[in-house]
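# okay, here's the prediction I keep looking at, along with the sequence it came from:
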Amino acid sequence: MRNRSSMTEHALSFDRAAAVYAATRPSYPPAAVDWLVPDTAERVLDLAAGTGKLTRLLVDRGGLEVVAVDPSPNMLGELHVHVPGVPTFVGTAEDLPLPDDAVDAVTVAQAWHWVDPAAAVPEIARVLRPGGTLGLVWNSRDESVAWVAEFGDILARLHERDEQELAPHIGAPFGPVESLRIPWQQTLTAEGLLDLVRSRSYFITATPEQQVDVLGAVGDLLAGHPQLAGRENIELPYLADCFRTRLAG
């Protein structure tokens, strides 16, 4: 388990790779948005919105007023390019720049592991209206596919494999946590897969020697694995793990 200062360093590293993050990181299946955000919601905060991967889906759903918060100005700059017109604020889950009772739902995509729940949970509860929803989602690679497991082994040279908690503990004043898993896939080129590696926090913070080693190994995988060699496009399978809980109303 990484300590808090190490996690902060990794989280802030995304500021240095905002453009490649926007270009290569996967989005999420639209079904995840439909499940995470109630039909009755009118105003939604996309927290830790990054470059707007989930923000775009919230906007595309229609009928929602969406605002975005992220600690990285560079990431929010990319969000403005890809999802123009969405109001954005620099801030964190522990210190939200929104008034009380401001939104009907809060979404957090691929980022809850960066926050301090002891401070974030009451702060999110503050900006939610009574009965509001907190929705969390993570993409994880489906390593039941052979080449994806080999790809994961290469990336593990740079970081310890974290066992994601299947049901993140939220606690009071929120109710029980429900969960849903949605299989889907992202289409990438070979260079896109390499850029996906370059977008990872543990790659950004690695030494140049480690970076060269990992990119070389992924290149060898692309050239030598029978499911990848010679392919113009690659289908990278994911599992979107979704969690939702309601604020007592």
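Noted; the coordinates are in hand. Residues are numbered from 1 along each chain as shown.

# okay, CA-based contacts and neighbour counts for the rest of this
Noted.

# quick check: longest helix of the protein.
Ranked by number of residues, the top helix in the chain under DSSP state H is helix 208-224.

# where do the strands sit along the chain?
Along the chain, the stretches classed as strands by DSSP state E are 43-47, 65-70, 88-90, 103-109, 128-141, 178-188, 234-246.

# make JSON lines from those strands and add mean neighbour count and mean pLDDT to it.
Output for the strands of the chain, formatted as JSON lines (neighbours: other CA atoms under 10 Å; pLDDT from 0 to 100):
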{"stretch": "strand 43-47", "mean neighbour count": "24", "mean pLDDT": "98"}
{"stretch": "strand 65-70", "mean neighbour count": "22", "mean pLDDT": "98"}
{"stretch": "strand 88-90", "mean neighbour count": "18", "mean pLDDT": "97"}
{"stretch": "strand 103-109", "mean neighbour count": "24", "mean pLDDT": "98"}
{"stretch": "strand 128-141", "mean neighbour count": "21", "mean pLDDT": "96"}
{"stretch": "strand 178-188", "mean neighbour count": "15", "mean pLDDT": "95"}
{"stretch": "strand 234-246", "mean neighbour count": "20", "mean pLDDT": "96"}
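
# Q186 and G63, how far apart?
26 Å (CA to CA, to the nearest Å).

# could you give the bridge partners of L134?
V106, T245 (DSSP bridges).

# wait, what's in contact with it?
36, 105-108, 244-247 (CA atoms under 8 Å, 6 or more residues apart in numbering).

# sketch out the low-pLDDT regions of this structure for me.
Counting by pLDDT under 70, the chain contains low-confidence ranges at 1-24, 161-167.

# pick out the residue closest to the middle of it.
Geometric centre of the chain, nearest residue: Q110, 2.3 Å, by CA atoms, centre = their mean.

# ok, it touching V137?
Yes. Between Q110 and V137 there is a contact under CA atoms under 8 Å: 6.0 Å.

# what's the local residue count around D195?
Using other CA atoms under 10 Å, D195 has 18 neighbouring residues.

# that one and R25: what is the separation?
9 Å.

# circling back to that earlier point, for R200, which of the strands of the chain is the nearest?
Across these, R200 has its closest neighbour in strand 128-141 (13.0 Å, CA to CA).

# run through who's touching the longest helix of the chain.
150-151, 154-155, 157-158, 190, 194, 197, 203, 228-230.

# export it as CSV, just CAs?
Taking C-alpha atoms only, helix 208-224 is exported to CSV below (Å, rounded to 0.1, in the frame of the first residue of the first chain):
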residue,chain,number,x,y,z
PRO,A,208,14.4,7.3,-17.6
GLU,A,209,16.0,3.9,-17.5
GLN,A,210,12.8,2.3,-16.2
GLN,A,211,10.8,4.0,-18.8
VAL,A,212,13.0,2.8,-21.6
ASP,A,213,12.8,-0.8,-20.2
VAL,A,214,9.0,-0.9,-20.0
LEU,A,215,8.4,0.7,-23.4
GLY,A,216,10.9,-1.7,-25.0
ALA,A,217,9.1,-4.7,-23.4
VAL,A,218,5.7,-3.5,-24.5
GLY,A,219,7.1,-3.0,-28.0
ASP,A,220,8.4,-6.6,-28.0
LEU,A,221,4.9,-7.8,-26.9
LEU,A,222,3.3,-5.9,-29.7
ALA,A,223,5.7,-7.3,-32.3
GLY,A,224,5.8,-10.9,-31.0
